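A.B. asks: I'd like to go over a predicted model; first the sequence, then the structure.
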Amino acid sequence: MRTNRITLLVEDLDQAIQFYTNAFGLSLIEDSQISESKRIVRIATSDEDVTLNLATPKSGDEDLVGRQAGQRVLVFVDTNNLETDLARFTDNRVDIIDGPRTESFGRCVLVKDLVGNTWEFVERI
């Protein structure tokens, strides 16, 4: 078995594409309009990774946007160059909530995404 996709709720797909590709440096893997009411948008750190399926909430799920992991980290990203990421975060006004700091596993930073979820970017030692 292999996980291939995880859904991430967002309020606006086009705004989310811009944020995750520009501010977080992720790649747009797919953007397909399937029908008038269904659009598939997938982003990832690379073509081989698990992709994030960006989706708007269904009726009744609106309050879950930005809270999918509660107050915990939603996504952990291993990065090759945290300094490059930090510069991109600054350029795109990403909210850094902790760090950067050095831990036994590497250098890391906690940031908020477009809708308020917490992500951790780690440059492993």
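C.D. replies: Received, thanks.
A.B. asks: So the closest residue to Val65 other than its chain neighbours versus Val77, what's the distance?
C.D. replies: Spatial nearest neighbour of Val65, excluding adjacent residues (CB to CB, 6 or more residues apart in numbering): Leu9 at 4.7 Å. Yep, even glycine has a C-beta here, placed from its N, CA and C like the rest. Leu9 sits 18 Å away from Val77, going by CB to CB, to the nearest Å.
A.B. asks: Give me the more crowded residue out of those two.
C.D. replies: Leu9 (21 against 17; other CB atoms under 10 Å).
A.B. asks: what sits against that one?
C.D. replies: Counting by CB atoms under 8 Å, 6 or more residues apart in numbering, Leu9 makes contact with 55-57, 61, 64-66, 68, 115.
A.B. asks: 10 Å instead?
C.D. replies: By CB atoms under 10 Å, 6 or more residues apart in numbering, the contact list for Leu9 reads 16, 53-58, 61-68, 115, 117.
A.B. asks: do Pro57 as well
C.D. replies: Pro57 neighbours (CB under 10 Å, 6+ apart): 7, 9-11, 63-65.
A.B. asks: In strands, which of those residues fall?
C.D. replies: Counting by DSSP state E, the contacts of Pro57 place 7, 9 in strands.
A.B. asks: can you list the contacts of Pro57 in a markdown table and add distance to Asp49 and pLDDT?
C.D. replies: As requested, those are exported to a markdown table (distance: CB to CB, whole Å; pLDDT from 0 to 100):
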| residue | distance to Asp49 | pLDDT |
| --- | --- | --- |
| Thr7 | 15 | 95 |
| Leu9 | 20 | 97 |
| Val10 | 19 | 97 |
| Glu11 | 24 | 96 |
| Asp63 | 29 | 95 |
| Leu64 | 24 | 95 |
| Val65 | 23 | 96 |
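A.B. asks: The contacts of Pro57: which two are farthest apart?
C.D. replies: The span of those, defined through CB to CB, is set by Thr7 and Asp63 at 15.7 Å.
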